[in-house]
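Undergrad: Structure, please.
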Amino acid sequence: MAQQRRSSSAGGARKRGTTARKKPSSRRGATRGTAPSAPDTSKLKLLTPSKAAQEHEPSTVDAMGKDKRREVIGHAYGPSRRSQLAVLGGFIAVVLIVVFGLGAIARDADKTPKSNPDLAPWGQPSAPQTPAVRPE
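TA: Residues are numbered from 1 along each chain as shown. Next comes the predicted model:
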């Protein structure tokens, strides 16, 4: 049996064109969070860090004992001009090989064979050569 939709009004019948509305929220101000049901984060109890955590100063050396702010080897953060040009040259070479290779394949594929014998029965010298009949 199909489930029936139940009305939220006391009498069971609703007037056409009206919808049931929720009561406004008791909270004031904008809701922060992902949904209206999310808690108000301004009322949460903030945790204070311990005294040892407040006094701790971050280390200036990494796990290998070297300075965290040391310069990068080679004094560059990206690839050099030489390596950029090498990659560009390689790309252009591949494109040229593909274009000229496909051109050579197409040029060879378009050539007609040196001998092209007539193998069809109507192309034989002894076949009757009757003209096509026009329907009248």
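
Undergrad: Every contact and neighbour count from this point should use C-alpha atoms.
TA: Noted.

Undergrad: Tell me where the protein has helices.
TA: 51-55, 81-109 (DSSP state H).

Undergrad: of those helices, which approaches Lys45 most closely?
TA: helix 51-55 (18.4 Å; Cα to Cα).

Undergrad: tell me the average confidence for the closest one?
TA: Averaging pLDDT along helix 51-55 yields 88.

Undergrad: Give me the neighbour count for Thr130.
TA: Using other Cα atoms under 10 Å, Thr130 is surrounded by 7 other residues.

Undergrad: what's around Val72, how many residues?
TA: When neighbours are counted by other Cα under 10 Å, Val72 comes out with 8.

Undergrad: on that earlier part again, winner for burial among the helices of the chain?
TA: Among the helices of the chain, the stretch with the highest mean neighbour count (mean count of other Cα atoms under 10 Å) is helix 81-109, at a mean of 11.

Undergrad: Relative to Arg70, which of the helices of the chain is closest?
TA: Closest among those, using Cα to Cα: helix 81-109, at 23.5 Å.

Undergrad: And the lowest mean pLDDT element among the helices and strands of this protein?
TA: helix 51-55 (a mean of 88; mean pLDDT, DSSP states H and E).

Undergrad: Kind regards, and thank you for your time.
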